[in-house]
Each structure stands twice: as structure tokens, then as C-alpha cells.
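Participant: Build me a model from this:
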Amino acid sequence: MCLLKTDCLQFSQSEIQATRDHLLHLDENQRIEYRNRNATEIAKCSSDKILIVSGPGTGKSHLFMSRIQNWFDDNSDISVLVTSFVRKLVSDLDKDVQLNDNLSDGNKKKISIITLHRLARSLVEKNNGSSEWPLADFFKMIGQEWKKEIWSDVLEFYPSLDNDTYSEKAFNKQLYDNSFEETTDWQGIKDTYFQLCRLYNASGFADLIIRATAALKENPTLSFASHFIVDEHQDFNQAEQDFIMSFTGNAISVLIVGDDEQVLYEELKSSKPELIRELYDNNEFTKAMLPFCGRCGYHIVKCSEAFIAEEREPETIEKLFLPLLSESDSSKVQIIACPNSGSAIQFIEEFIADNHAQIEKRKEQLESDDAKDPFLLILAGSAKLNFFGPNKEQIFDAVSQYKHKVSLLSQDYYMLLTYYALGINYIDNFNFRKVMFYESLSRSDIHKLLEEVIELGQNFADLEDEKLVEIKDKCEQIKSIMDSEYSEAIQVEELSKLLEIGKPELLIQELISGPISERRLTNLVEAQEAQYQEFGKQQMSAIELMSIVGSKGLSADHVIIIGFDNQNMKWISSNAFYVAMTRARKSLQLVTALKCGGSTFAHPYIAYLPHENVDYYKYKKSEGKKIPLSGRTEFDNYLKSLNFYKKVARRK
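Facilitator: Here you go, the predicted model:
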């Protein structure tokens, strides 16, 4: 009764229900045996196209390794590519490959594991863009802080158009959908955008994908692998779907994995659950499922399964999501009522203090690369925690001592880097454009310069404009200072005569630890660009505090979701909450704190969590401990009483 449909048909509702009934009656050892047998059958399946639709924590990474091993067992003369959106998933799988003793060193070299955007960039770089949208070697990415500036350059060519209607967001939507408006105005804007990209020798992340698809159509040999694994397919948009289908068009074998109930990026980048549902309808794909969640404890799985079943859309792909482990030694999901933000913060601080030794141990393990995941994830609707008011700094302070130290350079450093780079290469129009911004050139002046270089087919450096000559002179002076033998303090002192440096002391320290030079320039630019489009973090800390949406691809021993109320989570979709719950391995705690951003009750999602899998508590700062409540009714009554006394206090 393995969950593998080699006839390429969908699983029927009766098949799903019969399998569910059968699996629920298995004991823990039998479930583990079934999970392993099912995964083995899928990994060894001879079908050239397989679609696995499975929930979180169901053993995809293990299956990937087995599938790759079976591919090499059948034919060692192959190449494998694995791609996903999430850097953490890519990083973890790469480590799994390198540590796998069953794979030879030669075969490991034939496996490429890369994020989708890095894959697209490599193809665009190799093909110098496409004939319609050419780019030169070493093109740049338009990072987050420059997107609006470049879009303003575009709209300056269309002064009569409404900026809200013809927004960057609206244009990105067309790029994500790989479908452009056919009106004269939008076609003109599209042409102008790509013309400016060519001038700047730069690409945005939204258009990078369609550039890669165009490059593949012109040069099919860019598709260098024969076997593919594509993870997190549910978060693809149409452009990314088109890109993957082009890239895998001549593949020998393709394995695609996703779950239409984990879609998170519909607003951010127009992800479409319909795309994986269309693949599920496609009779070219063998269908498979992984039914057991081995990541989360029994009660966490039962709560997650019940919750997502209540919120399920009619068109959702029906699937199994069952606990692998038994109820014994499994903590129930805890829902905690706090009178205010101070109590909620003290609850978190107390949890951290009680688990200090284990957190420190995990910190050491992460630093030595002996562990992958945090000990504790603290999740909220927004990682800024503004609903906690000034008290939020207490949480940031509590978390900071366990944070992985990331070397983030200041804006002063990157500004200096831009001037220095332009001093080396004046025909870098993108850096020239950035320096125009730093030099506070007016938008009208910049537009006139853009019109001139486009009309003449030249670079900014070719124009005999007084302002541009001054920029070149300043860049020469800055490069001379940075190449001098002066101490870092004197360099910054001299630079301050030319630039507005916000934090001179910090810049001095940054130059001491990482002096700017031609040798380091390329690596620094790449490091700056790397932070932009990749989803999720690559290097974990023992405690991570982040948004619910940002937790995709992560897991932790313990998860605390704060702001679980009718105000601060009202924008969180059911998919996002489902993903958040299933990050937890051992314990999941949902904290409702009143008086936070206008919150008065727990989030309505609480109604979908089965009582038999939940424990209710209240936590008061004065008592410093969780006090059990008899059930949902007492929990609700406690919150009602707090709201009542709050109203009385206001009247007085």
C-alpha cells in the first residue's frame, strides 16, 4: 500500500481515506517501517517524472539523498542539479551530500545544489543575457535599496503617467507572471526599463528569471544537468515555472516536490499554488506522497493536521499528514495568556534562562558545524515586534547574546566602495548612477544625462558635463586616499573632507578589519548582492527571532509564537500559521498578550486546535510561572476578565 501512483493518476479520496485508516492503526515501529519502505519505493521508481506532494517534516531531504544514490547506481555518467528557493535548505542538503559516505568523491562533484536565482544568474552570465535583452560580462544585480531609484529613472521618461498606477510593484507582477500588459504605455515602460538595465549592465531579481528562460531558448546547451530535483515548488510563480520547465525540458529524470498548503509568497512574488495543482493534474507525472511527519512531536502534528484541514480550500490537493511518533513523551501544544507585554517578555526570558545550558551547547555545535538548527525559534507576525512597544528591546537583548555574528558592513563602507570602484572603472554606468545619488544630483539633471547617453549610445564618462567631471575628480581623489599608506584614521579624516560619513569611528574599524582594495572589490560586491533575493538564512544562531513568513525552511527544538491574538496576527494566512507550527520539533507555545497593539483576545485560529492536543495556561509577571487552566473555557474567561478590569480602570 505504498503511496506511489505509477499510472500517473491522482490519488482518489477513497484511496487517501483507506490509507489513512490503515496507517492510524499501526504502532510506532510499524509506522517507521512503512515510512522507510514507502520512501525506498519512491526513490527507486523508474519513472522519469515524479511529483511528490507532502507536508512539512515528512523526510524530503532523506528521500533526495536516496533518489540521487539510485540515479548514480543506475548510471554513474550523469549530472544532478538540486534547486530550491531557501538558502538554508540548499546549505543543509549540500552538507548532507558532502558527508554521505555512500557517494563517491567523483559523484559528489557531479551534484550541483544551488538556489533558483543563483542558477538563473549563472545562465544569464554565460549567455550575456539574450539577443533581445543583452548584458555584458559581470553584470550587477539591482539590490533592494536601489530598486525604487531605478524605477524612478524609468518613470521620468513618462511624466504624464500616474506613479501609483504604473508602479514598480505592478511591473514586477507582470514579470512574475511572465505576462506583460499590451497597452502602449506599459509596453513603453517595459522597453525603457530593459534599455536602462542594458545601460547599467544590471538586472533586477524579478526579471532575472525571464532573462534566464530567454537565454535557454537561444542556447539549450546551458542546461547542463541530466537529472533534477526541484524543491518547494508551491512557491513558484509563472515565470519561475516557465524557467524550470525550459531548463528540465530534455532531462532524463525530474523529481519535483511541494505542498500547496505551504504557499507563503503570493503577495511577495506572485507565487501560485495553482501551478503545483496543475502538475498534479498532469498525466505525465507519477504521483507520490510521504505521509508521516517525523520532525514534530505527536501533539504538534495532530494540531497542525486538524488546523489545516479546517482551513483547506476545496481545490487543495488531498494528502496525508500524520504523526510518525507515538503520544508518549510528547508535549502538548501550550497556549499561554499574558495580561500584557511585560508578562509575555518575562515568559520568554524565563524560558531562555531555564534552558541556558542547552542553548549554549547548541551555540557551540552550530559554530563547529555539528548542528544545523536553532534550539529556539521566536516567531511573530513581524520581526520588528512593534506591538510590544519599548519593551521589545528586552527580547532583542535576550536573543542577541546567542546570535551568530554576521559581518554586516555599514552604508558608509558601501558608499566608499562605490566611489572607489568607479575610480577604477569609469565606464561602469551603474556605479556612476549610484554616485549621482550620493552626490544628490537632482532627478531632472539625472534624467537629462540619461536622455543624452541613450541618444548618443555612450557612457556617462563620455559626456563633458561639469557635474560628471566633478564626480570623476572626486573618485580619483578617494581612490588615491584609499591606495595611500595613510593610517585608517587619517584616511577617514581625509575622506570626510569629500564625503558625508555618518559614523567615522565605525568606518575606521571596518577599514582596519577589511581594507578596500582592487583585490577585494569583486568579493565585496558579491557579498553585498547576496543578501537580496535569497529566501531565509543560511547560518543559524542558537536562538532566532524572525517573522512567521521568514521561518520557511527552518526548524527548531522549541518554537514560541508571540502575538497570537486578534490584532497582531490578523494578516497571517492559514498557510503561514501552518508553516510556523510545523517548525517545532519538541515544543510549541503560542503566547497571547493583551494590551499589545490593541489586542483583546486570542487569534481565531485557536478554535481549530483540538482540545485533546492542547494545554492552556496563564502567566503573570508577579508570579513568574505558568499556571495551568482547566481548558479553553477557563482560558477565554481569564482573557475576558482581564479585558473587563482594563475597561474599569479606564473609567476610573
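Participant: Skipping adjacent residues, who's closest to residue 72 in space?
Facilitator: Leaving aside its sequence neighbours, residue 72 sits nearest to residue 107 (CB to CB, 6 or more residues apart in numbering; 5.0 Å). In this view, the C-beta of every residue, glycine as well, is placed from N, C-alpha and C.
Participant: Can you show me the CA trace of stretch 384-394 as PDB?
Facilitator: Provided in PDB are the C-alpha atoms of stretch 384-394 (Å, rounded to 0.1, in the frame of the first residue of the first chain):
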ATOM      1  CA  LYS A 384      10.100  44.200  14.400                       C
ATOM      2  CA  LEU A 385       7.800  43.400  17.400                       C
ATOM      3  CA  ASN A 386       6.400  46.900  17.400                       C
ATOM      4  CA  PHE A 387       3.300  45.600  19.200                       C
ATOM      5  CA  PHE A 388       5.500  45.200  22.300                       C
ATOM      6  CA  GLY A 389       6.300  48.900  22.300                       C
ATOM      7  CA  PRO A 390       9.600  50.000  24.000                       C
ATOM      8  CA  ASN A 391       9.700  46.700  25.900                       C
ATOM      9  CA  LYS A 392      10.600  44.900  22.700                       C
ATOM     10  CA  GLU A 393      14.300  45.800  23.300                       C
ATOM     11  CA  GLN A 394      14.300  43.300  26.200                       C
END
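Participant: From the rest of the structure, what touches it?
Facilitator: The contact list for stretch 384-394, computed with CB atoms under 8 Å, 6 or more residues apart in numbering, reads 341-342, 344-345, 349, 380, 395-396, 545, 562-563, 567-568, 593, 596-597, 599.
Participant: Would you list the buried entries among those?
Facilitator: Among those, the ones that count as buried by 16 or more other CB atoms under 10 Å are 341-342, 344-345, 380, 395, 545, 562-563, 567-568, 593, 596-597, 599.
Participant: ok, so of these, who is nearest residue 268?
Facilitator: residue 380 (17.3 Å; CB to CB).
Participant: Do you know the pLDDT at the closest one?
Facilitator: At residue 380, the model reports a pLDDT of 96.
Participant: Help me confirm that it comes into contact with residue 547.
Facilitator: Yes - counting by CB atoms under 8 Å, residue 547 is a contact partner of residue 380 at 6.5 Å.
Participant: From residue 606, how far out is the spatially closest residue to residue 387 that is not a sequence neighbour?
Facilitator: In space, residue 387 comes closest to residue 597 once its chain neighbours are excluded; the distance is 3.6 Å by CB to CB, 6+ apart. As defined by CB to CB, to the nearest Å, residue 597 lies at a distance of 18 Å from residue 606.
Participant: Where does the prediction get shaky in this protein?
Facilitator: 405-408, 518-538, 645-652 (pLDDT under 70).
Participant: ends of stretch 372-388, how far apart?
Facilitator: Stretch 372-388 has an end-to-end distance of 30 Å (CA to CA, to the nearest Å).
Participant: Please apply the same query to stretch 432-451.
Facilitator: Using CA to CA, the end-to-end distance of stretch 432-451 comes to 15 Å.
Participant: Ok, stretch 67-82 next?
Facilitator: Taking CA to CA, the first and last residues of stretch 67-82 lie 11 Å apart.
Participant: Okay, buried residues for that stretch please.
Facilitator: With burial defined by 16+ other CB under 10 Å, the residues of stretch 67-82 counted as buried are 67-72, 78-82.
Participant: ok so, going back, ok, how many other residues are close to the residue nearest to residue 72?
Facilitator: 20 (other CB atoms under 10 Å).
Participant: now residue 97
Facilitator: 18.
Participant: Look up phi and psi at it.
Facilitator: The phi and psi values for residue 97, taken as degrees, to the nearest 10, are phi -60, psi -50.
Participant: The stretch 201-350 of the chain: strands as residue ranges?
Facilitator: 202-203, 227-230, 253-258, 286-288, 292-293, 322-323, 333-338 (DSSP state E, counting those that start in this stretch).
Participant: Deepest-packed of those, please.
Facilitator: Among those, strand 292-293 has the highest mean neighbour count (mean count of other CB atoms under 10 Å), at a mean of 26.
Participant: State the helix or strand in which the residue lying closest to residue 96 once chain neighbours are set aside lies.
Facilitator: Among residues not flanking residue 96 along the chain, residue 65 sits closest, at 5.9 Å (CB to CB, 6+ apart). For residue 65, the element it lies in under DSSP states H and E is helix 60-74.
Participant: quick one: that helix to chain centroid distance?
Facilitator: Put simply, helix 60-74 sits 25 Å off its chain's centre (CA atoms, centre = their mean, to the nearest Å).
Participant: ditto for stretch 375-393
Facilitator: Once both centres are worked out by CA atoms, centre = their mean, stretch 375-393 turns out to sit 18 Å from its chain's centre.
Participant: Ends of that stretch, what's the gap?
Facilitator: Across stretch 375-393, first to last residue, CA to CA, it's 21 Å.
Participant: just to revisit the earlier point, can you check what angle separates the helix holding residue 65 from strand 253-258?
Facilitator: 180 degrees (axes from the mean of the first three to the mean of the last three CA atoms, to 10 degrees).
Participant: What is helix 60-74 packed up against?
Facilitator: With contacts taken as 3 or more CB pairs under 8 Å, 6 or more residues apart in numbering; DSSP states H and E, helix 60-74 sits against helix 28-44, strand 80-84, helix 87-99, strand 227-230, strand 253-258.
Participant: which other residues reach that helix?
Facilitator: For helix 60-74, contacts defined as CB under 8 Å, 6+ apart pick out 39-40, 42-44, 52, 54, 78, 80, 82, 89, 92-93, 96-97, 100, 102-103, 107, 110-111, 227, 229, 231, 253, 255, 257, 290.
Participant: For the helix or strand hosting the residue nearest to residue 72, what is the distance to the chain centroid?
Facilitator: Assigned by DSSP H and E, residue 107 falls within helix 105-108. Computed by CA atoms, centre = their mean, the chain-centroid distance of helix 105-108 equals 29 Å.
Participant: Could you do stretch 135-146 as well?
Facilitator: Relative to the chain's own centre, stretch 135-146 is displaced by 20 Å; criterion: CA atoms, centre = their mean.
Participant: which parts of it are buried?
Facilitator: By neighbour count on 16+ other CB under 10 Å, the buried set for stretch 135-146 is 135, 139-143, 146.
Participant: same thing with stretch 151-171?
Facilitator: Judged by neighbour count using 16+ other CB under 10 Å, the buried positions of stretch 151-171 are 151, 153-157, 166, 168, 171.
Participant: Distance to residue 503 and secondary structure added to those residues, as TSV?
Facilitator: Formatted as TSV, the buried residues of stretch 151-171 follow (distance: CB to CB, whole Å; DSSP: H, G, I helix; E, B strand; the rest coil):
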residue	distance to residue 503	secondary structure
151	29	helix
153	29	helix
154	33	helix
155	33	helix
156	32	coil
157	37	coil
166	37	coil
168	30	helix
171	35	helix
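Participant: who's in contact with residue 601?
Facilitator: Applying CB under 8 Å, 6+ apart to residue 601 gives the contacts 565-566, 592, 636, 639, 643.
Participant: Tabulate the residues you listed in a markdown table, adding columns for secondary structure and neighbour count.
Facilitator: Shown next, in a markdown table, are the contacts of residue 601 (DSSP: H, G, I helix; E, B strand; the rest coil; neighbours: other CB atoms under 10 Å):
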| residue | secondary structure | neighbour count |
| --- | --- | --- |
| 565 | strand | 28 |
| 566 | coil | 16 |
| 592 | strand | 27 |
| 636 | helix | 16 |
| 639 | helix | 21 |
| 643 | helix | 15 |
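Participant: one step back: against residue 293, how distant is the residue nearest to residue 387?
Facilitator: Relative to residue 293, and taking CB to CB, residue 597 is found at 32 Å.
Participant: Please apply the same query to residue 280.
Facilitator: Distance, residue 280 to residue 293, using CB to CB: 20 Å.
Participant: Kindly report the same for residue 240.
Facilitator: From residue 240 to residue 293 the distance is 27 Å (CB to CB).
Participant: circling back: which of the contacts of residue 601 lies closest to residue 428?
Facilitator: If you rank the contacts of residue 601 by distance to residue 428 using CB to CB, residue 565 comes first, at 50.0 Å.
Participant: Fine by me, we can end here.
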